[in-house]
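Fold the following for me, if possible:
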Amino acid sequence: MKDEILTRTLLECMTSKLTDIPYHWQEEREQALRDYKVTIEYKHLKQHSPGGVYLIPSVSDLRHFYGVIFVRRGAFTNGIFKFQIRLPEKYNDLNTWPEITFSSYVYNPHVHPETGELDVKSAYPRWDPHRHYLVTVLTYLKKIFYVKTFGDDAKANPGAKKLSETDPQAYRKKVDHCVRESQKNVFINDDGCTAKFTEESLAHQVLRDLLKRQLAEPTQVNKEVVLNIIDKASKV
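Numbers count the residues shown, from 1 in each chain. Have a look, this model is predicted:
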């Protein structure tokens, strides 16, 4: 990750010159570098985010993100689980773990049954900013929906873990229930959510039918083509 290497180099250079800078300036400089690192990590996600996982920043807070994962296979197939990520103010320091909380109900040994929080610390007892990034924790988030057995780090919901071991069929029923709940509640959005789902309106139906009639080759669809079709339709 070239951007991360550049950021680390800048941090090291600036840190070496901080001894002669007033303390409050030093704090501001260090915080600015942390902020910059967050933007670099998010930029990196555009090319490297795990498949089926989407993350959009909050409008008002650099360290607050809204996300969703579409599960495509395994026990949680067809689940649509929404979550939020909050980064500590000093994120990118040692042991400043991201906090991930599911808005959707998730029955999983790695997720607290009441708070919906993903147990990140059990997976990464020591958070190292030189090795761990947003993409790291998103990859872990995806993994918990695809693993077939749960290890010692699955501590958030001991009851779910025990049930998966002693009565797999009963565990699967609870998983199926949470998948159905995620689908049923997909149009319920958190306040301020930037990853919103909206029900299909008449305008959506008209546009879909128009595209079907006008496009001979669906693989050629792009923004310019769609806008041209809409423009022509508006003049009819």
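
Quick check: residue 175 touching residue 77?
No. At 9.7 Å, residue 175 and residue 77 do not qualify as touching, with contact defined as CB atoms under 8 Å. Where you see a C-beta, it was placed from the backbone N, CA and C, and this is true even at glycine.

Between those two, which has more neighbouring residues?
Using other CB atoms under 10 Å as the criterion, residue 175 and residue 77 rank with residue 175 on top: 22 against 14.

quick one: the more buried one is in a helix?
Yes. Assessed with DSSP: H, G, I helix; E, B strand; the rest coil, residue 175 lies in a helix.

Identify the residues contacting the closest residue to it other than its chain neighbours.
Using CB to CB, 6 or more residues apart in numbering and skipping the chain neighbours, the partner closest in space to residue 175 is residue 75 (5.0 Å). Applying CB atoms under 8 Å, 6 or more residues apart in numbering, we find residue 75 in contact with 145, 148, 172, 175.

Mark which of those are buried, thanks.
145, 175 (16 or more other CB atoms under 10 Å).

In helices only, show me the contacts of residue 75.
In helices, defined here by DSSP state H, the members of these are 172, 175.

Using TSV, please lay out the contacts of residue 75 together with pLDDT and distance to residue 185.
Below are the contacts of residue 75 laid out as TSV (pLDDT from 0 to 100; distance: CB to CB, whole Å):
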residue	pLDDT	distance to residue 185
145	97	17
148	91	26
172	97	20
175	98	16
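
In the contacts of residue 75, find the pair that's most separated.
145 and 172 (13.6 Å; CB to CB).

From residue 145, how far off is residue 171?
Look at residue 171 and residue 145: by CB to CB, to the nearest Å, they are 14 Å apart.

Name the residues of stretch 136-148 that come out as buried.
136-138, 140-142, 144-145.

if we look at it, which residues are touching it?
45, 49-53, 55, 67, 69, 71, 73-76, 79, 81, 83, 85, 98, 100, 108, 110-111, 118, 120, 123-124.

how about a cut-off of 7 Å?
49-50, 52-53, 55, 69, 71, 74, 76, 98, 100, 108, 110, 118, 120, 123 (CB atoms under 7 Å, 6 or more residues apart in numbering).

which of those residues are buried?
Of these, these count as buried by 16+ other CB under 10 Å: 49, 53, 55, 69, 71, 76, 98, 100, 108, 110, 118, 120, 123.

so what does the longest helix along the chain touch, helix or strand wise?
As assigned by DSSP H, the longest helix anywhere in the chain is helix 23-48. Helices and strands touching helix 23-48, as assessed by 3 or more CB pairs under 7 Å, 6 or more residues apart in numbering; DSSP states H and E, comprise helix 2-16, helix 134-143.
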